[in-house]
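Engineer: What shape does this take:
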Amino acid sequence: MSEPEVDPFHHLHDEAYASPYEQPSLGCAGVVAMGGRATESLAGTWNFTLDLFDEGLRQHWYRDAAEPPTSWIRPRDYDAMDGQTLVVPGCWTMQQPLWRYFEGGAWYTRLIDGGTGAGVRTVLRVGAANYQARVFLNGHFLGTHRGGSTPFFVDLTEHLQSGPDNRLQIQVDNRRAPHRVPMDHFDWFNHGGLYREVDLLRLPAIHFRRAELQLQPDGSFSRLRAYLELSAPVDGVATVELPALGLRQEVSVRDGRATLVFDARPVLWSPEDPRLYDVHFVFGEDRVIDRIGFREIRVEGRRILLNGRPVYLRGICVHEDDLELGKCSTEEDVRRRFAHARELGCNFLRLAHYPHHEHVARIADELGFLLWEEIPVYWAIRFEDRATLDDARNQLQELIFRDTNRASVILWGVGNENADTESRYVFMRELVSAAREADPTRLVSAACLINRQTFRIEDRLARHLDVIGLNEYFGWYEPGFEGLRTLLANSSPDRPVLISETGADALAGHHGREDELFTEECQARMYRGQIAIANTADYICGMTPWLLYDFRSERRQTVFNRGFNRKGLIAEDKYTRKLAFEVLAQAYRERQALEADQTAASMP
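Structural biologist: Next up is the predicted model:
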């Protein structure tokens, strides 16, 4: 008896069409340690199809053979190997004017080589895809990843064929939604696509998922802690080598994991001396080589101590946004950010409000900048939704696993400007615990709001944080500075407070009175007032004003904004400086001079 004919119109009425593509989930459990690995770049031209109605998932486009229309038996709505093209990495929002505001699904397609070699695993690494990405190879669905700013990995081996004609398809969906992290309401531009590097890795069957080495946080500055995790629960012996220190340590691996603490006296990494060491991790046929700096960061009372000495965080916030590249970050662009931060006198940057490109932390390691890295638990996400928590936790873990060897990263940020509700408190407490479990060597913070009932720096979450982040805009959203004086006088926190945001909009080149909104003079006045008052509170451990560059934000549509947040000290051209740039630079120069005098006075 023959099989019944498939209903060709079923997909028109199938509103559960996305359900088969929710699992398996591609997350932090599949990470691969990347230090020094050879990669095969998939950068370049990909075939590209916008899919406004999710017909690709409804009609199973990935199952259609790649053949010319002259060979089709039935008509199709999609041709994987024809049509439009675009460049990867890149934001689709920047590559065609008609795509600028598109939010929905889109299909990327290209051919890849199957590779050769028995026992070799071929793994796809996607640096970031905003927001949800579903991966298909040769007609097989391999998994889905959620989160728009962290890397994920897919083992392709079982579905690869020999030869160069393996069809890789990635469906990327950048829709804003209440259950996502961030939700559908946020203050930056919603770019879409494969906007960071996409690579193939050819790995031994047993390889490192995590290969970490850090200074043991015990105040001795003379012991290192290695943590290793392999791709399978095997036993054996791994080695950790630091050639510059003449060290080679053997590590016993049991069930694919190992921890070892051993004596070593590296020169400590600091902004003044960003010393890095080549570290070799070896197990069987796999080798990972990373450049790592060793430093200790901890809190003592109301002070942050770096390598046992107090540090004041002279910072600035920065977004990933570029007039030509969108959310993409080239090394040239990142180095420009750090050069401007150096001119400001910064030793610290807050990377807002999502994980930035991984080479930001690597360059910060090299140049000697401290970093706050965070995930986009932003404003009023669905704190009561368990799936939203799982998404946020996975993004946090992927970020930590990616950058755990970066000495520059001293703070993990778990949230920004969230109302202090019960559901938020439970949600954020779990994220803090997840951060500490994944990385016990760093500090945890969140950018909190003021308790308006008591007009104090109070948030129930604060008791679980190492550093309290404070977002406040006295002198801008709240006219005058008396509120800031009152707030600081009312407050008596038992731990350090970082002013994680403050600022004012100014249109570059627009001049006028100091009390005239959106003028450069008004912005400069706000900075002078904020700095003078903040310096009176001994529990303020630093500040990261909002922010370095103007950036796109479609929420903002006054004659001065026109789709941009104008709180940058430099305009969106990343060249034109506003008056407030020099105000902050002068304040940081004075702070540095004060610190130098204090250090000299403490010397025997």
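
Engineer: Show me what the helix or strand that contains Ile468 packs onto, helices and strands only.
Structural biologist: In this structure, Ile468 is located in strand 467-471 according to DSSP states H and E. Secondary-structure packing of strand 467-471 (3 or more C-beta pairs under 8 Å, 6 or more residues apart in numbering; DSSP states H and E): strand 409-416, strand 443-448, strand 497-501. Any C-beta I mention is one placed from the backbone N, CA and C, and that applies to glycine too.

Engineer: How about residues contacting it?
Structural biologist: Applying C-beta atoms under 8 Å, 6 or more residues apart in numbering, the external contacts of strand 467-471 come out as 299, 304, 411, 413, 416-417, 443-450, 457, 459, 462, 493, 495-502, 541.

Engineer: Any stretches of the chain with poor pLDDT?
Structural biologist: Scanning the chain with the threshold set as pLDDT under 70 gives 1-5, 603-604.

Engineer: any idea which residue sits dead centre in it?
Structural biologist: Pro355 (0.6 Å; C-alpha atoms, centre = their mean).

Engineer: Can you tell me how far that residue is from Gly35?
Structural biologist: Going from Pro355 to Gly35 by C-beta to C-beta, to the nearest Å gives 18 Å.

Engineer: buried stuff in the longest helix seen in the chain?
Structural biologist: Of all the segments assigned as helix in the chain under DSSP state H, the longest by residue count is helix 579-602. Burial within helix 579-602, assessed by neighbour count using 16 or more other C-beta atoms under 10 Å, is assigned to Leu579, Ala580, Phe581, Val583, Leu584, Ala585, Ala587, Tyr588, Arg591.

Engineer: Would you point out the most distant pair within the residues you listed?
Structural biologist: Across the buried residues of helix 579-602, the longest distance by C-beta to C-beta is 19.3 Å; it joins Leu579 and Arg591.

Engineer: ok, which stretches of the chain are helices?
Structural biologist: Remark: helices of the chain, listed N- to C-terminal, are 55-58, 331-344, 358-367, 386-403, 422-438, 482-490, 520-534, 579-602; assignment by DSSP H.

Engineer: Now tabulate these in TSV and tack on distance to Arg110.
Structural biologist: Written out in TSV, the entries for the helices of the chain read as follows (distance: least, C-beta to C-beta, whole Å):
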stretch	distance to Arg110
helix 55-58	16
helix 331-344	24
helix 358-367	23
helix 386-403	24
helix 422-438	34
helix 482-490	54
helix 520-534	46
helix 579-602	43
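
Engineer: Those: which one's closest to Leu242?
Structural biologist: Between Leu242 and the helices of the chain, the shortest gap by C-beta to C-beta is with helix 358-367, which sits at 15.9 Å.

Engineer: Let me know the angle separating the closest one from helix 331-344.
Structural biologist: Orientation check (axes from the mean of the first three to the mean of the last three C-alpha atoms, to 10 degrees): helix 358-367 against helix 331-344 gives 50 degrees.

Engineer: which other residues reach helix 358-367?
Structural biologist: Counting contacts by C-beta under 8 Å, 6+ apart, the residues outside helix 358-367 that touch it are 127, 151, 269, 274, 276, 291, 293, 329, 331, 334-335, 337-338, 342, 349, 351, 370-371, 373, 402-403, 406-409.

Engineer: so how far is that helix from its chain's centroid?
Structural biologist: In this view, helix 358-367 has its centroid 13 Å away from the chain centroid, taken as C-alpha atoms, centre = their mean, to the nearest Å.

Engineer: Could you export that helix as CSV, CA atoms only?
Structural biologist: Provided in CSV are the C-alpha atoms of helix 358-367 (Å, rounded to 0.1, in the frame of the first residue of the first chain):
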residue,chain,number,x,y,z
GLU,A,358,36.2,39.1,22.3
HIS,A,359,39.2,41.0,20.9
VAL,A,360,38.2,44.0,23.1
ALA,A,361,39.4,42.1,26.2
ARG,A,362,42.5,40.7,24.4
ILE,A,363,43.5,44.2,23.4
ALA,A,364,42.7,45.5,26.9
ASP,A,365,45.0,42.9,28.3
GLU,A,366,47.8,44.1,26.0
LEU,A,367,47.2,47.8,26.7
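
Engineer: now the contacts of helix 358-367: which count as buried?
Structural biologist: Applying 16+ other C-beta under 10 Å to the contacts of helix 358-367, the neighbour count classes 127, 151, 269, 274, 276, 291, 293, 329, 334, 337-338, 349, 351, 370-371, 373, 402-403, 406-409 as buried.

Engineer: Give me the nearest residue to Ser546, chain neighbours excluded.
Structural biologist: Just to correct that, residue 546 is Trp rather than Ser. Closest residue in space to Trp546, ignoring its immediate chain neighbours: Gly503 at 3.8 Å, by C-beta to C-beta, 6 or more residues apart in numbering.

Engineer: so who does the one you found touch?
Structural biologist: Tyr473, Trp476, Gln523, Met526, Pro545, Trp546, Leu547, Lys567.

Engineer: Of these, which is the most crowded?
Structural biologist: When the contacts of Gly503 are compared by neighbour count (other C-beta atoms under 10 Å), Gln523 ends up highest, at 29 neighbours.

Engineer: hang on, isn't that one packed against Arg577?
Structural biologist: No - between Gln523 and Arg577 there is no contact, the gap being 11.5 Å when judged by C-beta atoms under 8 Å.

Engineer: before we move on, the earlier item: on contacts alone, who are the packing partners of the longest helix of the chain?
Structural biologist: Based on contacts counted as 3+ C-beta pairs under 8 Å, 6+ apart, the elements that helix 579-602 packs against are strand 313-318, helix 331-344, helix 520-534.

Engineer: Can you point out the buried residues in the longest one?
Structural biologist: It stands for helix 520-534. The neighbour-count check on helix 520-534 (16+ other C-beta under 10 Å) flags 520-531, 533-534 as buried.

Engineer: could those be laid out in a markdown table, adding distance to Ser19?
Structural biologist: Output for the buried residues of helix 520-534, formatted as a markdown table (distance: C-beta to C-beta, whole Å):
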| residue | distance to Ser19 |
| --- | --- |
| Glu520 | 53 |
| Glu521 | 57 |
| Cys522 | 53 |
| Gln523 | 50 |
| Ala524 | 55 |
| Arg525 | 56 |
| Met526 | 51 |
| Tyr527 | 52 |
| Arg528 | 57 |
| Gly529 | 55 |
| Gln530 | 51 |
| Ile531 | 54 |
| Ile533 | 55 |
| Ala534 | 52 |
